[in-house]
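the sequence and its predicted three-dimensional model are supplied below.
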There are 6 protein chains.
Amino acid sequence: MRLLLVNANTTAAITEACAAAARQVAAPGTEILSATARFGPAVIANRAENAIAAHAVLDLLAERAEACDAVLLAVSFDTGLAAARELLRVPVVGMTGAACLFACALGGRFGLISFSTAAMYRELIEGYGLGTRLAGIALIDATPAEVSAEPERVAAKVSDAARRLAESGAESAILAGAAFAALGRRLADDAPIPLVDGIAAGVKLAEALVALGLARPTAAAPAVPRPSLGLSPPLAALLARTPAGR
Amino acid sequence: MRLLLVNANTTAAITEACAAAARQVAAPGTEILSATARFGPAVIANRAENAIAAHAVLDLLAERAEACDAVLLAVSFDTGLAAARELLRVPVVGMTGAACLFACALGGRFGLISFSTAAMYRELIEGYGLGTRLAGIALIDATPAEVSAEPERVAAKVSDAARRLAESGAESAILAGAAFAALGRRLADDAPIPLVDGIAAGVKLAEALVALGLARPTAAAPAVPRPSLGLSPPLAALLARTPAGR
Amino acid sequence: MRLLLVNANTTAAITEACAAAARQVAAPGTEILSATARFGPAVIANRAENAIAAHAVLDLLAERAEACDAVLLAVSFDTGLAAARELLRVPVVGMTGAACLFACALGGRFGLISFSTAAMYRELIEGYGLGTRLAGIALIDATPAEVSAEPERVAAKVSDAARRLAESGAESAILAGAAFAALGRRLADDAPIPLVDGIAAGVKLAEALVALGLARPTAAAPAVPRPSLGLSPPLAALLARTPAGR
Amino acid sequence: MRLLLVNANTTAAITEACAAAARQVAAPGTEILSATARFGPAVIANRAENAIAAHAVLDLLAERAEACDAVLLAVSFDTGLAAARELLRVPVVGMTGAACLFACALGGRFGLISFSTAAMYRELIEGYGLGTRLAGIALIDATPAEVSAEPERVAAKVSDAARRLAESGAESAILAGAAFAALGRRLADDAPIPLVDGIAAGVKLAEALVALGLARPTAAAPAVPRPSLGLSPPLAALLARTPAGR
Amino acid sequence: MRLLLVNANTTAAITEACAAAARQVAAPGTEILSATARFGPAVIANRAENAIAAHAVLDLLAERAEACDAVLLAVSFDTGLAAARELLRVPVVGMTGAACLFACALGGRFGLISFSTAAMYRELIEGYGLGTRLAGIALIDATPAEVSAEPERVAAKVSDAARRLAESGAESAILAGAAFAALGRRLADDAPIPLVDGIAAGVKLAEALVALGLARPTAAAPAVPRPSLGLSPPLAALLARTPAGR
Amino acid sequence: MRLLLVNANTTAAITEACAAAARQVAAPGTEILSATARFGPAVIANRAENAIAAHAVLDLLAERAEACDAVLLAVSFDTGLAAARELLRVPVVGMTGAACLFACALGGRFGLISFSTAAMYRELIEGYGLGTRLAGIALIDATPAEVSAEPERVAAKVSDAARRLAESGAESAILAGAAFAALGRRLADDAPIPLVDGIAAGVKLAEALVALGLARPTAAAPAVPRPSLGLSPPLAALLARTPAGR
């Protein structure tokens, strides 16, 4: 299967890092394609940037999704997820949403570890209807850039955050941030609870959905193509044949 | 005060109709400015179109919001609301969100009447944390265009929907759709419960927030301007000085 | 419009302070009338006093509400709010309920700052269905009386409480207590998040509801006047023609 | 033990009927005293009447509760329950609240059967935090007065309502209304699920709380007696020594 | 009435202690029978042991429940409660479930005090739909065995836990653990809020349900006896005539 | 990887059918082992049978799980899931829980289609914290046995149920019952929304969890082996070294 990994940020280096992490966990038959948003924030860090990036995600998908079997949104806010699902027949997964589902599959409540923007993560998880499964959010005092520069120091902070979450009842923890993928197994060995990396989770969830044949039934296109203005031709064409929601 | 009414759709006729409705209820000192999305769907009708339109809303606001005291999103999905609030210091209200709040102020649970897309309205209201106040959603078998063509027939359908909602416990009902503004008082006289029109609600909520001085404190701009790519210059400039979320 | 401000406490000085605060924010055409409960606790501070005061509110309204266009309950527990709404056709708002709605309109979750009785405020807000929007309740170590005696000291405590609430995710905070009205703009300038004063919020919400024409439809009076015993003649008369609930 | 049964309505005949029903189920050592509200509606049927009656309940309790070991509010809205608990050290139970708890003890979700005012019952049960346990509310087309006049007809309607609730998942049903007490065992034999009568439930809950010694610890009286105005001397005296809430 | 107290653990000494505590609070006409699980963990302390013990409870009940009027599960996890209710016509209560209901009857939110396994208690209470009534869980640093060895020290820790729960809004607290029964009144006198002991609560709840005649209607046995394998003959026989659930 | 499929019922034919369905969807490297409960109900159909079967599941796992990499509970009630997770280090998934997670990954709310026992499925899904994602439960008028006898008739009923669920807002539906696996693709082609089969979902979820390395960290065994009575030697041995819960 061909899995299109889409970075909603416009920073190509993040895309490369995510794609590399994805390839490490992909099944033999899974080919990882990747794409970087062509407009929008370099790194999404607030709700406004997130909204803009959602458009960029759809814009990319309109051009690139045709040729793939599933899509992974490689951005910890799962930017544009519900919108992309409405546009495409193939499965679309978000890295944090995927991590939440696997965390649920481990049992009990889960925590989330990130660098900042706790409010956005809480809203995301509550939007998934999983608010009662969330044991807490622990922010670590570090930046994504420091993960590769000082992996030991960051790994120690993550372990510490995991310990605090475990004490408040979390039975697993989600790593919300593409940067964490680089720490890999270094983290797992130290943590008192399983740590779920979003990129890895997203790849496996996409593979599973494809294997299960869970594409959406093809809905009838609208009688009159839906009109739009000023969008890239592929996106305008895709919107034109996407029916209204129910 | 200057209230900027923003239509997230690219159909200027809707903007004009909304602005006219807004002017009818605006207080003497309120000047209604209006703006129409410069790109995106003609009329938003699914989550994908809604996501694209959110970018268009922010794009407009970056250029136009400076000169106004408050913003009203004249679109029944409150497209881009949370994102716009993060970007601007002045109050930003959505027409359906405003209607929900006034419906809450009338007491008890409320219903929602619309043409279609019940799922999107349910998600919107649950996202506001008001799920337990929602008594039900009643869709009427008509199109927005028919409101002006056959006002009597549509008004009768709305009355009927209001009656059904009242029977299932609603003590008021929100009219979700800019088209309803045209029916005006015709509806109120027949309905067994108060009907809350979103445009009128939005104007009054914006006026109240301005009168209360409830602008957000000005946050410190980020030390390094936040970078972005391929956006309109005003939007890029606004993002550059908007701090990361918490 | 004529807005009747009702103090559910029997302390006339509080009524005067609230009316003065209301007049400062009232729109030009809004006349503030005021009334003080004729029986009940001097200052409501527990659920029992609150229940008694609800009767006193209704008793006052039966005599006074006829001549007004809206009612503002100037008591931070919104004493008797749902009951008053059932009795009157004109809009009735409570100061804390109003503040909650405007806080919701600012986005995100909100906090509440008060002097005591956290449990009663939590129950009030959960009763409004807004429990998931409440980020926390911060009590300050001061009495209402100290607000006017030592405004600087109290203002500093309020700022500190607002800062703590902001850290736990509140994007605005409600000031629950009529006494806070006196601090006015002194508070707003220091706080990291907007502070919503209940009296001001209540005035603006009432004005908006009147402007929107959101009175309740007049329900048919019961076939046989509903009997009661030992109530003031105006209240008995009003109950007699109020239909049973649904 | 002495159990004071308080009717929040001013109709003495209802008090007598409730007291008679209570005596039928009371344990040998339980003496049933009774009292009727001295002011307020003849029969509570909306939120306004309910609020007034809460004062009447407290007024009665201030005079009568001293000499009893527990209080049963014999009114299906549990009028004034939280307020009365704050005022008294002895246990106070409401008939519908008691029925809810026993229904919970039977397992699964429960339904509620009544004559009218579904909204008030839903609010009552949600206020108890039991909203997710409520399978539905079924109103029967009859009046309380008809229960004694046409018991067979009403019993058939109750059976039918119970059957509908059972089909929608209720594993028991609460009879909300003092009038149902008269139907007694006639109902139980026909119903597909257990029917919980509020008066009987209230008596048993009060007996249990007394047997368990679950009176509230005596809180210290306020340093300065809390002042009030225009209340009956016993109520004023009781308020004076009741501390503020937390 | 004959109340069968079932200990889901295989430690007979705990059964004896519970039965003794039950007899102290039982009404004159209540005979306490007791039974100890014949297989399973000595003391349940995780979800796996709890699941095994549920079978042991049902196995005991199949043999012993015939001759009794109600069942009390004397184990703080209410092991097998819903299953036992489905199997028997007589009321079945769990000690923690019973304590929760009486705590609700005291008003406000309640806390829970135990030795360990907070997650299991949270799940239990959320499963009862009472999550919003739970103010918090306080674990004390002691073992059940220390209750009898060092009652003063443990009582002091319980008082301290009750104080902390009261500060976070609990108006009563449940003692989750059969061992607490031994501390008896020693605890109540010190605590700032009522403490609800599960064994005592369970006895009183069972007595009340029997007095109310709230046995489940006898459902028709399945047309074909339901088959099973390898169970004790009494349990196999009981399952054979128990209908499928709805 | 070796995936142990455990049937909590004692009917070996169901085990074989489930294992065959599992092998059809298993990845090339996945070996499906299977095991049938050695005691308990032939087919679980109420809460009592479900509780007994949970013990049988643990009993099987104690003997068989050592040699496998993950466990799939092939029973639509996910019998013993939380208990099994506490006992084993390898991932344990339930077929309905797995289907819920994949349904969540498809977006929006989901429905559930089954033959009976709606209450047990609702409790299961609410226990997973997914109550707000559940759009409804549709029971079909057929028995599991009829699936193979009259596949066309049952498939038509399933399609009809899916259509009704879609109308009430479901964007996918879970097939709760091992029998549905046999209908396979026949169903998918007709349904207006994706149908998620539990066995297939469970296999893919287990494969993903193994691929992600999400085994639980090995907890330290208790200092003193935990004692039990009358259990099979492997189960007793496993319990002995499993620590108490937190």
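In hand now; what should we look at?

from here on, contacts and neighbour counts on C-alpha atoms
Noted.

show the pLDDT at the residue lying closest to A:Gly127 once chain neighbours are set aside.
Excluding the flanking residues, the one nearest A:Gly127 by CA to CA, 6 or more residues apart in numbering or on different chains is B:Gly127, at 6.6 Å. pLDDT recorded at B:Gly127 is 96.

now B:Gly127, what are its backbone angles?
The phi/psi pair for B:Gly127 (degrees, to the nearest 10) reads phi -60, psi -30.

what about it, how many residues nearby?
When neighbours are defined as other CA atoms under 10 Å in any protein chain shown, B:Gly127 has 15 of them.

what's the answer for the one 5 residues further on, then?
Using other CA under 10 Å, B:Thr132 has 15 neighbouring residues.

before we move on, what about the one 5 residues further on?
Using other CA under 10 Å, B:Ile137 has 22 neighbouring residues.

in this structure it contacts B:Ile113, no?
Yes - between B:Ile137 and B:Ile113 there is a contact under CA atoms under 8 Å: 5.9 Å.

report the secondary structure element holding A:Ala138.
strand A:134-139 (DSSP states H and E).

any idea of the mean pLDDT for that strand?
97.

show residues contacting the lowest-mean-pLDDT helix or strand in chain A.
Scoring the helices and strands of chain A by mean pLDDT, DSSP states H and E places helix A:185-188 at the bottom, with a mean of 72. The contact list for helix A:185-188, computed with CA atoms under 8 Å, 6 or more residues apart in numbering or on different chains, reads A:155, A:158-159, A:194-195.

rerun that using 10 Å as the cut-off
With CA atoms under 10 Å, 6 or more residues apart in numbering or on different chains as the test, helix A:185-188 has contacts from A:151-152, A:154-156, A:158-159, A:162, A:180-181, A:194-197, F:213-214, F:217.

related to what we said a few turns ago, for the residue nearest to A:Gly127, give me its contacts.
B:Gly127 sits in contact with A:123-124, A:126-127, B:121, C:108, where contact means CA under 10 Å, 6+ apart.

show me what contacts A:Ala56?
Neighbours of A:Ala56 in contact, by CA under 10 Å, 6+ apart: A:6-10, A:36-41, A:50, A:62, A:79-80, B:51-52, B:55.

how many residues are close by the residue of chain A found nearest chain C?
Across chain A, no residue is closer to chain C than A:Ala119, which sits at 6.6 Å (CA to the nearest CA). Residues within reach of A:Ala119, counting by other CA under 10 Å, total 19.

state the pLDDT value of it.
Taking A:Ala119 on its own, its pLDDT is 95.

part of a helix, is it?
Yes - A:Ala119: assigned to a helix according to DSSP: H, G, I helix; E, B strand; the rest coil.

picking that back up, what about the contacts of A:Ala56, which are in helices?
A:50, A:62, B:51-52, B:55 (DSSP state H).

in the residues you listed, find the pair that's most separated.
A:Asn50 and A:Ala62 (18.5 Å; CA to CA).

out of those two, which sits in the more crowded spot?
A:Asn50 (25 against 21).

how close does the closest residue to that one other than its chain neighbours sit to B:Ala170?
In this structure, A:Asn50 finds its nearest non-sequential neighbour in A:Ile44, 5.8 Å apart by CA to CA, 6+ apart. Using CA to CA, to the nearest Å, A:Ile44 is found at 40 Å from B:Ala170.

go on, A:Leu73?
For A:Leu73, the distance to B:Ala170 - CA to CA - is 40 Å.

please identify which of these two sits among more neighbours.
Each of A:Leu73 and B:Ala170 had its neighbours counted (other CA under 10 Å), and the higher figure belongs to A:Leu73 (28 against 25).

tell me the bridge partners for that one.
Judged by DSSP bridges, the bridge partners of A:Leu73 are A:Val6, A:Gly94.

I'd guessed it sits against A:Ala82; true?
No - contact criterion CA atoms under 10 Å: A:Leu73 and A:Ala82 do not qualify, at 11.1 Å.

shared neighbours of the two, anything?
A:92-94.

hang on, isn't the residue of chain A closest to chain C packed against C:Arg109?
Yes - taking CA under 10 Å as the definition, A:Ala119 is a contact partner of C:Arg109 at 9.0 Å.

can I get the strand or helix carrying A:Val210 as PDB, trimmed to CA atoms?
Using DSSP H and E, A:Val210 falls within helix A:198-211. In PDB, the C-alpha atoms belonging to helix A:198-211 read as follows (Å, rounded to 0.1, in the frame of the first residue of the first chain):
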ATOM      1  CA  GLY A 198       2.200   9.300  17.200                       C
ATOM      2  CA  ILE A 199       4.000   8.700  13.900                       C
ATOM      3  CA  ALA A 200       4.400   5.000  14.600                       C
ATOM      4  CA  ALA A 201       0.800   4.800  15.800                       C
ATOM      5  CA  GLY A 202      -0.400   6.600  12.700                       C
ATOM      6  CA  VAL A 203       1.400   4.300  10.300                       C
ATOM      7  CA  LYS A 204       0.000   1.200  12.000                       C
ATOM      8  CA  LEU A 205      -3.500   2.500  12.200                       C
ATOM      9  CA  ALA A 206      -3.500   3.400   8.500                       C
ATOM     10  CA  GLU A 207      -2.100   0.000   7.600                       C
ATOM     11  CA  ALA A 208      -4.900  -1.600   9.700                       C
ATOM     12  CA  LEU A 209      -7.700   0.400   8.100                       C
ATOM     13  CA  VAL A 210      -6.500  -0.400   4.600                       C
ATOM     14  CA  ALA A 211      -6.200  -4.100   5.500                       C
END
